[in-house]
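Undergrad: Build the 3D model from these lines:
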Amino acid sequence: MPSIEPTHTKGQIIIEDDVWLCYGVTILSGVTIGKGSIIAAKSIVAKDIPPYSIVINGDVKKRRFSDEVIQKLQNIDLRKIKKKKELQEISFILDTDITETNIDTIIYKIQQE
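TA: Got it, this is the predicted structure:
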């Protein structure tokens, strides 16, 4: 009977909050995909992806926001936002470009009780 070789892994795959994985994405072991990242269809992710990155064909093509905005977004714990919060209450985000000048206001509105 043939012996079965143990599989080798570089560690767990970690996908942080608010990540979009498009169709056919392959993620190799040991990779962390940072919060808020978008991974394009059929990308192969072989290395860690920084938060709020846009990845095409396994390469970070662009960061979604400035470093200042990313730093502030990293501090939001999505699990603490009230689940009953109406979409209407936070829908303004969908029509707003998030910038250094409005990020504090946006975070305040999201985290309001």
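
Undergrad: pLDDT-wise, which helix or strand of this structure ranks last?
TA: Taking mean pLDDT, DSSP states H and E as the measure, helix 87-90 is the helix or strand of the chain with the lowest mean score, a mean of 61.

Undergrad: Could you identify the helix or strand that succeeds that helix?
TA: Using DSSP states H and E, the next helix or strand after helix 87-90 towards the C-terminus is helix 103-111.

Undergrad: gap between the nearest residue to residue 20 once chain neighbours are set aside and residue 21?
TA: Setting aside the residues directly before and after it, residue 20 is nearest to residue 38 in space (C-beta to C-beta, 6 or more residues apart in numbering), at 4.5 Å. To be clear about C-beta, it is placed using only N, CA and C from the backbone, and glycine gets the same treatment. Taken as C-beta to C-beta, to the nearest Å, the spacing of residue 38 relative to residue 21 amounts to 9 Å.

Undergrad: Settle it for me: which of the two has more neighbours?
TA: Neighbours of residue 38 and residue 21, each counted by other C-beta atoms under 10 Å, are more numerous for residue 38; the result is 20 against 17.
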